[in-house]
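**Student:** A structural model of the following input is requested.
(one chain, ligands or ions: 2)
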Amino acid sequence: MRADRRLLVKTPTRYDSPISDLLQRVRDRGWRLTPQRRAVAEVLDGEHVHLTAEVVHDRAQARLPEISLATVYNTLNELVAMGEVLEVPAANGAKRYDPNAHRPHDHLVCTGCGELWDVFANGTGTPGLPEKERRGFRVTGAQIVYRGLCASCQATEP
Ligand SMILES: [Zn+2]
Ligand SMILES: [Zn+2]
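**Tutor:** Ligands and ions are numbered 1, 2, ... in the order given. Reported below is the predicted structural model:
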């Protein structure tokens, strides 16, 4: 009886578009997938995705014209709080949202054009923060942002 019910729960629901990794992750966590949340999660799906809230809003509006910027911000904050989306401090202070939350990585940011790439450091990514600088924290993660000029910006440098 119990096994049957579990099977029923696991039966994939049919959707008009394929379920992305991010959508699947938040559904597995029991996040109620309202049309607004779904639009945001769909926009954020993919590799090397680092979008500002404004761009997420633009693209979500293409799917759901009535979605507001405030709803997009709230949804992004929820996804960040759940640990399913990362906030990346990019060039010129604009935060970018990154769905690649389960594979620890760093970022390369071009201070010329603002382009941003995922990069994977050697080793486990534990940064060299000395014990005495940790203020008693149990450090569970870090994000390193490497800033510089990308190859194409260097090529057009005066
Ligand atoms: Zn550049
Ligand atoms: Zn990233």
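
**Student:** contacts and neighbour counts: CA atoms only from here.
**Tutor:** Noted.

**Student:** pLDDT at Ile144, what is it?
**Tutor:** On the pLDDT scale, Ile144 is placed at 83.

**Student:** Next: the one 5 residues further on.
**Tutor:** The score at Leu149 is 94. That number is its pLDDT.

**Student:** Next up, the contacts around it.
**Tutor:** 109-112 (CA atoms under 8 Å, 6 or more residues apart in numbering).

**Student:** can you name the two of those that are farthest apart?
**Tutor:** The span of the contacts of Leu149, defined through CA to CA, is set by Val109 and Gly112 at 8.8 Å.

**Student:** Can you lay out the contacts of Leu149 as CSV showing pLDDT and neighbour count?
**Tutor:** Listed next are the contacts of Leu149 as CSV, based on pLDDT from 0 to 100; neighbours: other CA atoms under 10 Å:
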residue, pLDDT, neighbour count
Val109, 87, 21
Cys110, 89, 20
Thr111, 87, 17
Gly112, 89, 15
